[in-house]
Every structure is written in C-alpha cells, then in structure tokens.
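[1] could you look at this predicted model? Sequence included:
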Amino acid sequence: MRKTMVLYDRYCFLCQQSKKWVEKLDWLNRLSWVSLQEYTQKHTISDDKIKAMKAELHAITPDQKEHVGYHAMKVILIRCPLTFVVGLLMYIPKSGIVGKPVYRFIAKNRYRLFKSKCENGSCSIH
C-alpha cells in the first residue's frame, strides 16, 4: 500500500511536534513524513511554491493529489485510528468555515507562539 506523503518544515518547532505526535498515532503506518528541505533538493520547485509549502502543511496522497493546510490536516487525521472521527468530522460540509481560519491563525502566529523554540527563523514564515 502506498502512503500519503506529509511535507513538513524540519526547522519549525510546531511542525516537528505535530510530526512527533501524529507518528505515534499512525499505528497503521499510512503516512510518510518528508522534510521540505529534503523534498526541495530532489524536486524542482519554484521559490513561490517553497514559500507556500513553508507557510502551511502539505499532504500528497498516493493518487498524487496535493492537500494544503486545513485540508492536509483532514487527510492526515482520517488516516490515524485515534483521530479518525475528528478527521471525519472535518469532512462535514461547511466545517472549513471554522477550521480554515483556525488553522491559518495558528500557522501565521506560530512564531509568536513558539519563537524561543524555532530554528533559523522558520516559524516567522507567513
């Protein structure tokens, strides 16, 4: 079975912690975590795309569909047994009305939240 690839910024504290916790919940081993730094070395990607990838979590499903931010979280959570129900709830129509702004707020403010723990200023990307 092919896995969903999750791209994360290895210098971002929030990203590292998210990866750490989700890996513990991924009992069925459905996710493959790849750092943006590693991914961009192997693929030709524009600077704008790299900036977008640093700003929000990206998940690429086995059918090569790319999911970004809140939608990436849905894809990730529905693949883990303990978070399946939460992920399923995120698929309810109009759930993104609340979910997307909450996700973006956290992503944009991660520097304020974790500034003492972020490396290379990566948390300041927004």
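    Thanks, I have the structure now. Keep in mind that this is a model prediction, so the values were computed, not measured.
[2] for the protein, what spans make up the strands?
    Taking DSSP state E to define them, one finds strands in the chain at 4-8, 31-35, 58-60, 66-68.
[3] and these: which comes nearest Thr83?
    strand 31-35 (11.4 Å; Cβ to Cβ). C-beta here means a position set from N, CA and C on the backbone, and glycine is covered the same way.
[4] for the closest one, packing partners?
    When contacts are defined as 3 or more Cβ pairs under 8 Å, 6 or more residues apart in numbering; DSSP states H and E, strand 31-35 packs onto strand 4-8, helix 13-25.
[5] low-confidence regions, this protein specifically.
    Where the chain drops to pLDDT under 70, the residues are 111, 114-126.
[6] in a markdown table, list the strands of the chain along with mean neighbour count.
    Below are the strands of the chain laid out as a markdown table (neighbours: other Cβ atoms under 10 Å):
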| stretch | mean neighbour count |
| --- | --- |
| strand 4-8 | 22 |
| strand 31-35 | 17 |
| strand 58-60 | 21 |
| strand 66-68 | 17 |
